[in-house]
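> sequence? don't have it. structure:
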Ligand SMILES: Cc1ncc(COP(=O)(O)O)c(C=O)c1O
């Protein structure tokens, strides 16, 4: 169907509309409307996702593999969710694995893959990665596997691609890389990195936990063997997800119990899954997809034709969400950059990035700044966010790491203005800091 192409997007209207979906946004904290700028640690949840969890628990809560009605319904919910995430990742539904969270799934993966490694084999990880994509591989040093690292350029918060290519010459069996940094927002060129890793015969593991909220994922295009993310980072509850390429999953020998199915994806899903979480996560995908359609219908902002399939709608929505976030990000970076004593850490202008902005303030710890902001109802993270190696390399670990602001589609320009005003208000900041000391 053709749609009349709209003019420029009315971002304020978009934000007002999407905010209505999130009940948490009605909360006040310390007398201020709560501004949830903690998205990289976990997104707020639309009412319809909460409803899907409640509906599962109140009408069909059961374990799998029974012949009775609610067990069969549960199986339908789980398989429906696999189809939803197949659209989200652009893969087949038997390539979608559910688990507790990304870190646990990655440990399961590393324990399965180590069975295919010999002492003296190499694995390649990066300094920009979250510990969830470092720890599972680093612990294999106990099994006499060498773990090499690709460093970063601390000035630009980007990976050292020359070193990456040199490291590949050692012929690593597994290359674990980061799609986007949860600490500084850098988007890495995973497509190129996967292609280079495949040339030397490595299996590739992509951590898309931070990226997933900020752009469409296409595992076919990237060419990765494994890609992991967590639904709680994009409008869903606390469950983890993994895409595994079918041929590779088929060959995998994960830790499993005897009655567990031998076929992928079940063979890597140990124990009982979080059914209600999976029901909610599938609804989060549908929420994104429905926004894709709504934006196309209303504004003609996305493609000239209405996105027809759920996959197309997901892609359309995530592109618009990213465009919204990035114009606020540019504004925030610009304004924070003008404030004396603030140092921003992140990729240079023009480099692909997410809407995650981190900074330090001279002579103050990140914890003091985040507590000060909380006193004004502005909820932000401080620390290293488990991107421990990166924050060490940036030289920010000693002062308690970074202050991290995440911008989600439900965050408004007004909230960003409140944050900028709070950071400009040096007197209030220092008064707070002295009181806290
Ligand atoms: C980039 C990145 N990777 C991995 C993780 C770990 O995810 P999970 O909490 O699902 O184990 C996080 C969580 O913050 C993250 O941001």
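In hand now; what should we look at? In this text, all values refer to a predicted model and were calculated from it rather than measured experimentally.
> Name the residues of this structure found near the ligand, please.
Contact residues (Cβ under 6 Å from any ligand atom) of the chain with the ligand: 101-103, 130, 132-133, 182, 207, 209-210, 230, 240, 386. Every C-beta, even on glycine, is put in place using the N, C-alpha and C of the backbone.
> Let's see that with 8 Å instead.
40-42, 100-106, 129-133, 178-182, 207-211, 228-230, 232-233, 238, 240, 385-387 (Cβ under 8 Å from any ligand atom).
> In helices, which of those fall?
102, 103, 104, 105, 106 (DSSP state H).
> roughly how far apart are residue 424 and the ligand?
Taking Cβ to the nearest ligand atom, to the nearest Å as the measure, residue 424 falls 29 Å from the ligand.
> State the number of residues packed around the closest residue to that residue other than its chain neighbours.
Here the nearest residue to residue 424 in space, its sequence neighbours aside, is residue 339; by Cβ to Cβ, 6 or more residues apart in numbering that works out to 5.9 Å. By other Cβ atoms under 10 Å, the residues close to residue 339 number 14.
> the helices in the stretch 1-150 of the chain, which residues?
11-19, 47-59, 69-89, 102-113, 135-138 (DSSP state H, counting those that start in this stretch).
> Pull the number of nearby residues for residue 163.
Neighbours around residue 163, by other Cβ under 10 Å: 17.
> Against residue 240, how distant is it?
30 Å (Cβ to Cβ, to the nearest Å).
> Residue 181 too?
19 Å.
> out of those two, which sits in the more crowded spot?
Between residue 181 and residue 240, counted using other Cβ under 10 Å, residue 181 has the larger neighbour count: 32 against 25.
> Find the nearest non-adjacent residue to the more buried one, please.
Nearest to residue 181 is residue 128, by Cβ to Cβ, 6+ apart, at 5.2 Å.
> and the host helix or strand of residue 343, what does it pack onto?
Here residue 343 sits within strand 342-345, counting by DSSP states H and E. Other helices and strands packing on strand 342-345, by 3 or more Cβ pairs under 8 Å, 6 or more residues apart in numbering; DSSP states H and E, are helix 310-337, strand 356-361.
> which sections of the chain are below the confidence cut-off?
Applying pLDDT under 70 to the chain flags the ranges 1-7, 299-306, 437.
> same thing but 50
Applying pLDDT under 50 to the chain flags the ranges 1-4.
> number of nearby residues for the nearest residue to residue 153 once chain neighbours are set aside?
Nearest residue to residue 153, sequence neighbours excluded (Cβ to Cβ, 6+ apart): residue 160, at 5.9 Å. Residue 160 has 18 neighbours, counted by other Cβ under 10 Å.
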